[in-house]
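In: Have a look at this prediction, sequence included:
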Amino acid sequence: MDEEKIIEILSKVSLFQGLKKRQLQGLADRFIDRSYETGVHIVKQGDVGYGFCIVVSGAAEAVRERADGTQVQVNVFGPSDFFGELALLDDGPRTASVIATEPTECLILPRWNFLSALKKDTDTAISIMQELAKRFRTTLDALT
């Protein structure tokens, strides 16, 4: 996928909407394009977080396995949705599995590529961290 297409996709993702075009350009070449067939795990619960994923096309669902072995659907994703933002901040285990529910194309930002980009542009780092904080607050508010 070419850089202009990736920039167009990034501009529609809430995590990056506060960024200027030059900042999006600084991130665009760090993404990897991957395709997944229906039923394939994009990420698996418990695996080390590799990076952040944006759904470009298709659909996926996040499923969490409970201690008793039962599974619960915790989220669904479609175009412009993203997951794995915690994997950008640490290399802890995935909190849920994400499975393609139809043929799905994703852009993946590996953690080390993300950190490298932030070291080069502190304004990008601040903007993204502010958006992550908002997202975490929204999630915490939903739990109370």
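Out: Received it, and whenever you're ready, just let me know what you need.
In: end-to-end on stretch 93-110?
Out: For stretch 93-110, the first-to-last residue distance is 15 Å (Cα to Cα, to the nearest Å).
In: just so I have it, where are all the strands in this structure?
Out: For the chain, the strands defined by DSSP state E cover 32-36, 41-43, 51-57, 60-65, 71-77, 82-83, 97-100, 104-110.
In: so who does the spatially closest residue to E65 that is not a sequence neighbour touch?
Out: Residue nearest to E65 in three dimensions, not counting chain neighbours: Q71, with 5.2 Å by Cβ to Cβ, 6 or more residues apart in numbering. (Glycine included, C-beta is placed from N, CA and C.) Applying Cβ atoms under 8 Å, 6 or more residues apart in numbering to Q71 gives the contacts V63, R64, E65.
In: The closest residue to the second one other than its chain neighbours - how many residues pack around it?
Out: It refers to R64. Closest residue to R64 apart from its sequence neighbours, by Cβ to Cβ, 6+ apart: A96 at 4.3 Å. Neighbours of A96 under the rule other Cβ atoms under 10 Å: 21.
In: With T101 instead?
Out: Using other Cβ under 10 Å, T101 has 16 neighbouring residues.
In: can you pull the contacts of it?
Out: For T101, the contacting residues are T38, G58, A59, A60, E61, V76, by Cβ under 8 Å, 6+ apart.
In: now swap in D90 and tell me
Out: D90 makes contact with G49 under the criterion Cβ under 8 Å, 6+ apart.
In: try 10 Å this time
Out: V48, G49, R111 (Cβ atoms under 10 Å, 6 or more residues apart in numbering).
In: residues near E131, how many?
Out: When neighbours are defined as other Cβ under 10 Å, E131 has 18 of them.
In: Can you give me the pLDDT of it?
Out: E131 carries a pLDDT value of 83.
In: Kindly state the pLDDT recorded for the residue lying closest to it once chain neighbours are set aside?
Out: Distance criterion Cβ to Cβ, 6+ apart; nearest residue to E131, sequence neighbours excluded, is L15 at 4.9 Å. What the model reports for L15 is a pLDDT of 87.
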